[in-house]
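Student: Provided below for reference: sequence and predicted model.
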Amino acid sequence: MNTSPSSKDTTLISVLQGHFRGEFNLARVRLICLFLTALIKVRTINYDKLASAFDTPVAKSSSYRRIQRFMKEFTFPMEVVSSLIFKLLPSQSDLVLVLDRTNWKFGSKNINILMLGVSYKNIAFPLMFKMLDKRGTSDMKERIHLVKQYIKWFGLHTVDCLLADREFVGDDWLHFLNDNSIRYYIRIRNNFKVFSYQKNEYIKARWLFDHLKVGELYHYPKLVKLHGQECYLSGSKAIGKDGKPELLLIVSFNKPEQGVAYYKQRWQIETLFRGMKSSGFNIKDTHVTDLERLEKLFSLVMIAFVWCYKLGDYIDEYIKKIRIKKHGRRAVSVFKCGLDCLSKALLTGYNSLSFSVYKFLSCT
């Protein structure tokens with residue numbers, strides 16, 4: 001199937017105009033298309049390399065300036081990008097949300113991103129994020145604001161539960177989740193103190209799970225109080241990376257018996273971050289440190305990531321299963337499978353598949 005520059009330009013513009021109807025003019029949509037296809041071909045957000053990969057007859061220097069102007073002057077609202085990705089989700093209900101933070105350093109500048117993703121199979125779809133102008137953890141106001149935005153845009157009824165790691169705890173945060181009846185499964189540190197109504201005193205959470213043997217699961221059947229909020233605890237014991245037994249303790253709004261099983265899905269957002277930072281689009285290659293411009297860059301990478309993953313997922317499901325190695329893991333990730341296939345199609349102008357690769361950015 002042909003994917004020549006003129007063909008893909010027209011098809012991709014048509015698909016994205018369907019999403020961005022009324023938001024951007026044709027020139028802006030065309031530039032977004034050029035950026036996305038260049039990003040997938042060169043697999044980096046380095047401006048110089050992106051400009052070299054633009055499917056346009058103008059000089060590279062002209063394309064470079066267009067990218068700079070886009071990042072400096074163009075408004076690219078998070079709601080528009082998030083809505084596009086939400087429409088591309090395989091399902092828009094009973095969603096497992098995953099909250100996490102990633103960071104890297106450019107020179108003396110810390111790039112810190114708070115991400116809210118949606119768990120799907122072995123990945124988290126990137127949905128919305130907040131750039132943090134600091135080093136270290138996010139604060140509770142930032143987390144609450146991000147989840148409130150999600151609820152405003154997509155509705156609380158779409159959420160099954162929310163997963164997060166040990167840094168995402170705190171009284172206001174748990175209070176917000178409890179007040180909104182948002183089911184959550186969040187890991188806590190083993191030395192956190194909880195109030196036991198049974199013992200009528202504060203005790204270390206791990207004391208309720210010290211009896212566990214490696215491989216065992218247990219959910220504490222009674223409510224405890226953590227950071228002033230009533231909640232449930234569940235846990236398991238496994239061998240850690242250092243070869244020693246390690247407790248995994250999960251705090252939850254309800255259904256503690258499901259805590260450990262749900263929490264295991266949290267690692268999927270780590271796979272997402274690897275795809276964005278190293279094994280896919282190399283966002284660390286950017287020299288951009290202005291947060292507003294970084295937001296635009298990151299938003300475009302999110303769209304490209306979802307496009308590649310959806311294509312790879314379809315190939316793995318219906319065309320050719322990705323080979324499983326002896327250690328039980330895939331030879332390549334689903335995302336990398338889609339990226340390799342899409343990159344080749346865009347670079348060579350030839351698509352060996354029997355369908356358009358652009359349909360994976362379409363909701364129809």
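Tutor: Here it is on my side, so go on.
Student: residue 191 should be in a helix, yeah?
Tutor: No - Residue 191: not assigned to a helix; according to DSSP: H, G, I helix; E, B strand; the rest coil it is coil.
Student: what's near enough to touch it?
Tutor: Neighbouring residues of residue 191 by Cβ atoms under 8 Å, 6 or more residues apart in numbering: 204, 205, 206. Every residue, glycine included, has its C-beta placed from N, CA and C.
Student: between those residues, which sits nearest residue 314?
Tutor: Residue 314 lies nearest to residue 205 out of those, by Cβ to Cβ, at 43.2 Å.
Student: helices along the stretch 101-250 of the chain, start to end?
Tutor: 140-154, 171-179 (DSSP state H, counting those that start in this stretch).
Student: returning to that earlier point: now that we have the contacts of residue 191, which of them are buried?
Tutor: Buried subset of the contacts of residue 191 (neighbour count, 16 or more other Cβ atoms under 10 Å): 205, 206.
Student: in JSON lines: the contacts of residue 191, plus pLDDT and distance to residue 254.
Tutor: Formatted as JSON lines, these follow (pLDDT from 0 to 100; distance: Cβ to Cβ, whole Å):
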{"residue": "204", "pLDDT": "94", "distance to residue 254": "23"}
{"residue": "205", "pLDDT": "93", "distance to residue 254": "18"}
{"residue": "206", "pLDDT": "93", "distance to residue 254": "22"}
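Student: burial of the residue nearest to residue 325 when sequence neighbours are not counted, as a residue count?
Tutor: Nearest residue to residue 325, sequence neighbours excluded (Cβ to Cβ, 6 or more residues apart in numbering): residue 331, at 5.7 Å. Other residues near residue 331 come to 10 when the count uses other Cβ atoms under 10 Å.
Student: low-confidence ranges in this structure?
Tutor: 1-9, 106-108, 134-138, 364 (pLDDT under 70).
Student: rerun that using 80 as the cut-off
Tutor: Scanning the chain for pLDDT under 80 picks out the ranges 1-9, 104-111, 133-138, 278-279, 284-287, 289, 326-331, 351-354, 363-364.
Student: now the helix ranked longest in it - C-alpha only, PDB.
Tutor: In the chain, assigned by DSSP state H, the helix with the most residues is helix 291-314. Extracted as PDB, the C-alpha positions of helix 291-314 are listed here (Å, rounded to 0.1, in the frame of the first residue of the first chain):
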ATOM      1  CA  LEU A 291       8.200  24.200  30.400                       C
ATOM      2  CA  GLU A 292       5.600  25.500  27.900                       C
ATOM      3  CA  ARG A 293       7.600  24.300  24.900                       C
ATOM      4  CA  LEU A 294       8.400  21.000  26.700                       C
ATOM      5  CA  GLU A 295       4.600  20.500  27.200                       C
ATOM      6  CA  LYS A 296       4.000  20.800  23.400                       C
ATOM      7  CA  LEU A 297       6.900  18.400  22.600                       C
ATOM      8  CA  PHE A 298       5.700  15.900  25.200                       C
ATOM      9  CA  SER A 299       2.100  16.100  23.900                       C
ATOM     10  CA  LEU A 300       3.200  15.300  20.300                       C
ATOM     11  CA  VAL A 301       5.300  12.400  21.600                       C
ATOM     12  CA  MET A 302       2.200  11.000  23.400                       C
ATOM     13  CA  ILE A 303       0.200  11.000  20.200                       C
ATOM     14  CA  ALA A 304       3.000   9.200  18.300                       C
ATOM     15  CA  PHE A 305       3.400   6.700  21.100                       C
ATOM     16  CA  VAL A 306      -0.300   5.800  21.100                       C
ATOM     17  CA  TRP A 307      -0.200   5.500  17.300                       C
ATOM     18  CA  CYS A 308       2.700   3.100  17.300                       C
ATOM     19  CA  TYR A 309       1.300   1.000  20.200                       C
ATOM     20  CA  LYS A 310      -2.100   0.600  18.600                       C
ATOM     21  CA  LEU A 311      -0.500  -0.600  15.300                       C
ATOM     22  CA  GLY A 312       1.900  -3.000  17.200                       C
ATOM     23  CA  ASP A 313      -1.000  -4.300  19.200                       C
ATOM     24  CA  TYR A 314      -3.000  -5.000  16.100                       C
END
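Student: which residues touch the next helix-or-strand element following it?
Tutor: Later in the chain than helix 291-314, the nearest helix or strand by DSSP states H and E is helix 334-348. Under the criterion Cβ under 8 Å, 6+ apart, residues 3, 8, 37, 40-41, 43, 121-123, 271, 275, 279-280, 305, 307-313, 315-316, 322, 332, 351-353, 357 lie in contact with helix 334-348.
Student: what residues sit buried inside helix 334-348?
Tutor: 334-346.
Student: isn't residue 245 up against residue 215?
Tutor: No - with contact defined as Cβ atoms under 8 Å, residue 245 does not reach residue 215; the gap is 9.9 Å.
Student: what about those two, which has more around it?
Tutor: Neighbour comparison, residue 245 and residue 215: the larger count goes to residue 245, with 13 against 10 (by other Cβ under 10 Å).
Student: bridging residues for that one?
Tutor: Beta-bridge partners for residue 245, by DSSP bridges, are residue 239.
Student: for it, which residues are in contact?
Tutor: By Cβ under 8 Å, 6+ apart, the contact list for residue 245 reads 214, 237, 238, 239.
Student: tell me if residue 354 really is in a helix.
Tutor: No - counting by three-state DSSP, residue 354 is not part of a helix but coil.
Student: ok so, going back, pretty sure the residue nearest to residue 325 sits against residue 324.
Tutor: Yes - Residue 331 lies in contact with residue 324 (Cβ under 8 Å); the separation is 7.4 Å.
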